[in-house]
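# After the sequence you'll find the predicted model.
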Amino acid sequence: MRTAILTDIHANLEALTACLESAKAQKVDRFVCLGDTVGYGADPNAACDLVRQHCQFAVLGNHDAAVAGRMDYSYYYAAAREVLDWTALQLSPENLEWLRSLPYQHGEGEVTFGHASPRDPAAFEYVFALEQAEDLVIRAEHLAPLTFIGHSHLQRAFLLGATVKDVWAERVRIEHGSKYLCSIGSCGQPRDYDPRSCFGIWDDQERTVEYHRVAYDAEKTARKILEAGFSPHFARRLLHGV
């Protein structure tokens, strides 16, 4: 089965639509979402509606948790808090209840799908560097053979063993008997100096993880953010991918 993996959509309708269309062209069998459907962007209801319509399941991201009243976000910087407050007021009762119901992780056999580090899913810790992957191996008692996460907005892949290795490539082969952590990259707000949207495909027959990039109308999304009165920073970063 070919599973298209979306994460960190952040209410970016244009990026989400582009990823859905591109993944369908790759003949995927289903979609899943690794969280942060909302936050930063101006289309929270439309993003939630599409994820609920297309994804077989979704997990909880930190922005989702903040909007749904499941975490304290008072320590977030002011511009981010303003968007989260606005989002909570904009969401339909159905979408708000959906966010409140999401699990931190979803397991399927040898695969775990989550938003952030699997060590403590509710803590929303980052794994985007080799040192963090090494620390995860030391501190986590039980790790699935394959873990998918988002949160960092970066495309990464680590082989987790006595020696932790960065094995990222556009197509990563998942070998039997080894453990891997794959960070998919952000659909709605990439931060690797490439403004194109990200998604991944897990092919459990070929045992490969494919990393994909898709161009979308980022200028349209940026205009919506400005029109909503959010910080111009959230609009600018979409154009530069940082």
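All right, it came through fine. This structure is a prediction, so every number in the text was calculated from the model and none was measured.

# How far away from the center of its chain is stretch 210-227?
Counting by C-alpha atoms, centre = their mean, to the nearest Å, stretch 210-227 is centred 15 Å from the centre of its parent chain.

# just the strands in this structure please.
Counting by DSSP state E, the chain has these strands, from start to end: 2-6, 30-33, 55-58, 105-108, 111-114, 146-149, 155-160, 165-166, 171-173, 179-184, 197-203, 208-214.

# Would you reformat those strands as TSV and include mean neighbour count, distance to Arg139 and mean pLDDT?
Placement of C-beta: from N, CA and C, glycine included. Putting those into TSV (neighbours: other C-beta atoms under 10 Å; distance: least, C-beta to C-beta, whole Å; pLDDT from 0 to 100) gives the following:
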stretch	mean neighbour count	distance to Arg139	mean pLDDT
strand 2-6	25	25	98
strand 30-33	22	26	98
strand 55-58	18	26	98
strand 105-108	16	17	98
strand 111-114	23	16	98
strand 146-149	25	14	98
strand 155-160	21	12	97
strand 165-166	13	18	96
strand 171-173	14	24	98
strand 179-184	24	13	97
strand 197-203	25	25	98
strand 208-214	19	24	98
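
# which one of these lies closest to Phe230?
strand 197-203 (19.2 Å; C-beta to C-beta).

# which residues does the residue nearest to Pro103 when sequence neighbours are not counted contact?
For Pro103, the nearest residue in space outside its immediate sequence neighbours is Val59; the separation is 5.8 Å by C-beta to C-beta, 6 or more residues apart in numbering. Neighbour list for Val59: Cys33, Leu34, Gly35, Leu102, Pro103, Tyr104, Gln105, His106, Phe113, Gly114, His115 [criterion: C-beta atoms under 8 Å, 6 or more residues apart in numbering].
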